[in-house]
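Undergrad: I'll drop the sequence and a predicted model, then ask my questions.
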Amino acid sequence: MRLHRLISSLAAVAAIAVLAVGAGPASAEVYKYGSFAPPKANVPNLSFKPFVKEVKKKTGGKIDFRLFAASSLVGPRNTLSGIRDRIVEGGFVVPAFVVSSLPHVNLIPDLLSFASDAKQTAGAGAETLLLGCPECLGDYAKMNTILLGGMGSNPYMLQCAKPVSNFADLTGKKIRVAGAASGRWVKAMGAVAVGGIPPPDIVVGMQRGQVDCAIAIPSWLKGFSLADGVKQLVTMPQGSYHGTAAFAFNRDFYNGLSRSEKGIFVRAAANAIAKGTIENAYILPSKDIAPLIKKKKIAKWPGDAGLKGAWGKFLSGEVEAVIAGAQKRGIKEDVARRVVETHLANLKKWKKISDEVGLDKAKYAQALWDNVFSKVKY
């Protein structure tokens, strides 16, 4: 009897083991991804969700992520440390909010004034950060994080709570800035730069009188509800922020993946960046933003000769200003110049690629793969 009971027990254990193995995807762990953007914003919807869908499919359901949006788990200033400490396995990092942790990385968004095309910025940003700036990867490594690039966005435009009619009207205005470069531009206008306001807080800042205008992306009129406070859009392009990390992952988590799984991540990142960049910067503005501008009766102003002249004068001194800013952050001048020259060359290269691929997401994804992601060591 004892022998019979023992055999029965062993059979039961074996049956449970078989069921566990057979469970496959159902037993997969769901990892965490943090974003300060609200659930309806473009970053999580247009890049992260397609990335997760591809990863889950190609790993047979083994790897999945849950999105924690709207700073529900980590916010704009602690996403990077949250990734480091594995509060989340992945997250959306904006370098301007963590300059002290990413001093070299911030050279890339510091050059935003020389970019005006989203496909250009996503491609050039990825190529410089992943292949042309070992110091930038070192910044992330110190935070126990690996980078797989991020979306490009359409150009910044001045968005104001009260309309302005000429360049002189901007004198003394309090303007929300998106990092050092836009801060220098605002000062060149004779206005007051106000930093440290994340996109979700811009409307409240306008309503409370903390800022009169904001350097912001037109798609934020919808994604971050800026249309509730903005009355005028100054349509002269004023640079394109890039170098963001839509795909930043905890290094221990990433190193725990198999080589084939890492390859899936890298390819999925290239595909998601292509899809998200083109839809966010080229398709949605005409589809969603134009009707919203009309509905909210937001006035448009292209800028006058005074504004355009000030922009040209500002650009003439930007390279040296970027290098000087890098030195203040403790970066050696020769390193700063090398990274700046590398990135300016990549911006020119990717502007040409952008013109060639047009709005073909497959062609753009292939260009990202051929020029950058196929060369990433994983």
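TA: Okay, I see it.

Undergrad: Ala181: neighbouring residues, count only.
TA: When neighbours are counted by other C-beta atoms under 10 Å, Ala181 registers 27. To be clear about C-beta, it is placed using only N, CA and C from the backbone, and glycine gets the same treatment.

Undergrad: and if you look at Gly309?
TA: Gly309 has 12 neighbours, counted by other C-beta under 10 Å.

Undergrad: Ok, Glu320 next?
TA: Using other C-beta under 10 Å, Glu320 has 11 other residues around it.

Undergrad: Contacts only, for it.
TA: If a contact means C-beta atoms under 8 Å, 6 or more residues apart in numbering, then Glu320 has no contacts.

Undergrad: 48 is where my numbering starts, stick with that
TA: Shifting the count to begin at 48 puts that one at Glu367.

Undergrad: that's a helix at it, yeah?
TA: Yes: under DSSP: H, G, I helix; E, B strand; the rest coil, Glu367 sits within a helix.

Undergrad: shaky segments in the stretch 198-347 of the chain?
TA: Filtered on pLDDT under 70, the stretch 198-347 of the chain yields no residues whatsoever.

Undergrad: Quick one: the strands in it, in order.
TA: Secondary structure of the stretch 198-347 of the chain by DSSP state E, counting those that start in this stretch: the strands cover 204-207, 221-223, 239-241, 260-263, 279-281, 292-297, 346-348.

Undergrad: This protein - how does it break down into domains?
TA: 75-199+289-340+368-422, 204-286+346-361 (automatic domain parsing).

Undergrad: In a markdown table: the strands of the stretch 198-347 of the chain, plus distance to Phe161 and mean neighbour count.
TA: Below are these laid out as a markdown table (distance: least, C-beta to C-beta, whole Å; neighbours: other C-beta atoms under 10 Å):
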| stretch | distance to Phe161 | mean neighbour count |
| --- | --- | --- |
| strand 204-207 | 17 | 25 |
| strand 221-223 | 20 | 23 |
| strand 239-241 | 19 | 18 |
| strand 260-263 | 16 | 27 |
| strand 279-281 | 19 | 21 |
| strand 292-297 | 20 | 26 |
| strand 346-348 | 24 | 15 |
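
Undergrad: To Ser119, which of these lies closest?
TA: Each of these has some distance to Ser119 by C-beta to C-beta; the shortest is strand 292-297, at 17.6 Å.

Undergrad: For the stretch 98-247 of the chain, just list every one of the helices.
TA: 126-131, 165-174, 181-189, 227-235 (DSSP state H, counting those that start in this stretch).

Undergrad: looking at those, which is buried most?
TA: helix 165-174 (a mean of 29; mean count of other C-beta atoms under 10 Å).

Undergrad: Could you check the angle that helix makes with strand 292-297?
TA: Put simply, helix 165-174 runs at 30 degrees to strand 292-297, going by axes from the mean of the first three to the mean of the last three C-alpha atoms, to 10 degrees.

Undergrad: How far off centre is helix 165-174?
TA: 11 Å (C-alpha atoms, centre = their mean, to the nearest Å).

Undergrad: for it, packing partners?
TA: The helices and strands touching helix 165-174, judged by 3 or more C-beta pairs under 8 Å, 6 or more residues apart in numbering; DSSP states H and E, are helix 306-325, helix 380-404, helix 408-418.

Undergrad: try 6 Å this time
TA: helix 306-325, helix 380-404 (3 or more C-beta pairs under 6 Å, 6 or more residues apart in numbering; DSSP states H and E).

Undergrad: can I get these in TSV with mean neighbour count and distance to Asp248?
TA: Below are those laid out as TSV (neighbours: other C-beta atoms under 10 Å; distance: least, C-beta to C-beta, whole Å):
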stretch	mean neighbour count	distance to Asp248
helix 306-325	22	23
helix 380-404	18	29
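
Undergrad: between the ones you listed, which one is nearest to Pro150?
TA: Across the helices and strands packed on helix 165-174, closest to Pro150 is helix 380-404 (C-beta to C-beta), at 9.9 Å.

Undergrad: Packing partners of that closest one?
TA: Against helix 380-404 (3+ C-beta pairs under 6 Å, 6+ apart) you get helix 165-174, helix 365-375, helix 408-418.

Undergrad: Quick one: distance of that helix to the chain centre.
TA: Distance of helix 380-404 from its chain centroid, counting by C-alpha atoms, centre = their mean, is 18 Å.

Undergrad: ok, now stretch 226-241?
TA: That offset, for stretch 226-241, works out to 21 Å (C-alpha atoms, centre = their mean).

Undergrad: what sits up against it?
TA: For stretch 226-241, contacts defined as C-beta atoms under 6 Å, 6 or more residues apart in numbering pick out 143, 156-157, 159-160, 217-218, 220-224, 258, 262, 357, 361, 368, 372.

Undergrad: Between the helices of the stretch 98-247 of the chain, which one is closest to Tyr411.
TA: Using C-beta to C-beta as the measure, helix 165-174 is the one of the helices of the stretch 98-247 of the chain that comes nearest Tyr411, at 6.0 Å.

Undergrad: For that closest one, the averaged confidence score.
TA: Per-residue pLDDT values across helix 165-174 average out to 97.

Undergrad: Repeat that for stretch 414-425.
TA: 96.

Undergrad: Then stretch 118-126?
TA: On average, stretch 118-126 scores 97.
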